[in-house]
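Engineer: sharing a sequence plus its predicted fold:
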Amino acid sequence: MRDFLLFFVSLFSIVNPFSTIPAYVGLTGDIPLTDRKRLTRQAAISVLIILSASYLAGEGLLRFFGISVASLQVAGGLLILGMAWNMLQAKMSPHKQTPEEAQEAQAAHENAERPNIGVVPLGMPLLAGPGAISLMIIDAGKTHGWWEHVVTLGAVVLVALLCWVILVAATPISKALGRTGMNVATRFMGLLLAAIAVEFITSGLATIFPGWKG
């Protein structure tokens, strides 16, 4: 149970569906409710598929490219730390979506090219972005035994389900919390994310340089 909770909190903090609410409301605010429900399902299913596939293929990818788990922990930790820094400033991390990608998504929205925005950009990269994918690959290199696999994939299912719930309630949540409330939630998640990133980096460095802690 402890391993499940730790991994779930880490993954949920990185995916951070609350930070996606403004983009979701902006992209779907003027479309029918039935279409919004379909896009929300697409986004949640995309998160489930992308993260599960990253986990299942992660160990093979590490072996194919000759990358150690420790090296990926350091690199992934630095990536996640950059995301956390932006979240602490209540900003959308460029690791999740660049200004150019945001403009492209908005252009597709204005041109009524909406069938795929549940997958891109909502599912990826706004929810299942590079940080979350890195976490899945790192965990794939560390887990052993069927129970650990069940715990990891169970956390992925729960995160995807929460993404669906939060996006379904995106408009009421944004109205209830307001900009200030959303910023507070984002900064809190950013603080958790920064701590997770530091753990990744120090753990990776301790493996690469066994004597560095003295």
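Structural biologist: Thanks, I have it. Residues are numbered from 1 along each chain as shown.
Engineer: past the helix or strand bottoming out on mean pLDDT in the chain, which element shows up next along the chain?
Structural biologist: The weakest-scoring helix or strand in the chain, judged by mean pLDDT, DSSP states H and E, is helix 99-110 (a mean of 61). Remark: after helix 99-110, the chain's next helix or strand is helix 130-142, criterion DSSP states H and E.
Engineer: tell me the helices and strands packed up against that next one.
Structural biologist: helix 2-15, helix 33-65, helix 69-88, helix 146-168 (3 or more CB pairs under 8 Å, 6 or more residues apart in numbering; DSSP states H and E). To be clear about C-beta, it is placed using only N, CA and C from the backbone, and glycine gets the same treatment.
Engineer: if you set the cut-off to 10 Å instead, what comes out?
Structural biologist: helix 2-15, helix 33-65, helix 69-88, helix 146-168, helix 170-208 (3 or more CB pairs under 10 Å, 6 or more residues apart in numbering; DSSP states H and E).
Engineer: what's the closest of those helices to Leu27?
Structural biologist: helix 33-65 (8.2 Å; CB to CB).
Engineer: flag every buried residue along that closest one.
Structural biologist: Neighbour-count burial for helix 33-65 flags 36, 39-40, 42-52, 54-55, 58-59, 62 (criterion: 16 or more other CB atoms under 10 Å).
Engineer: for it, what is the distance to the chain centroid?
Structural biologist: 10 Å (CA atoms, centre = their mean, to the nearest Å).
Engineer: okay, the angle between that helix and helix 69-88?
Structural biologist: Using axes from the mean of the first three to the mean of the last three CA atoms, to 10 degrees, the direction of helix 33-65 lies 150 degrees away from that of helix 69-88.
Engineer: just want the angle from helix 33-65 to helix 170-208.
Structural biologist: 10 degrees.
Engineer: fine by me, thanks again.
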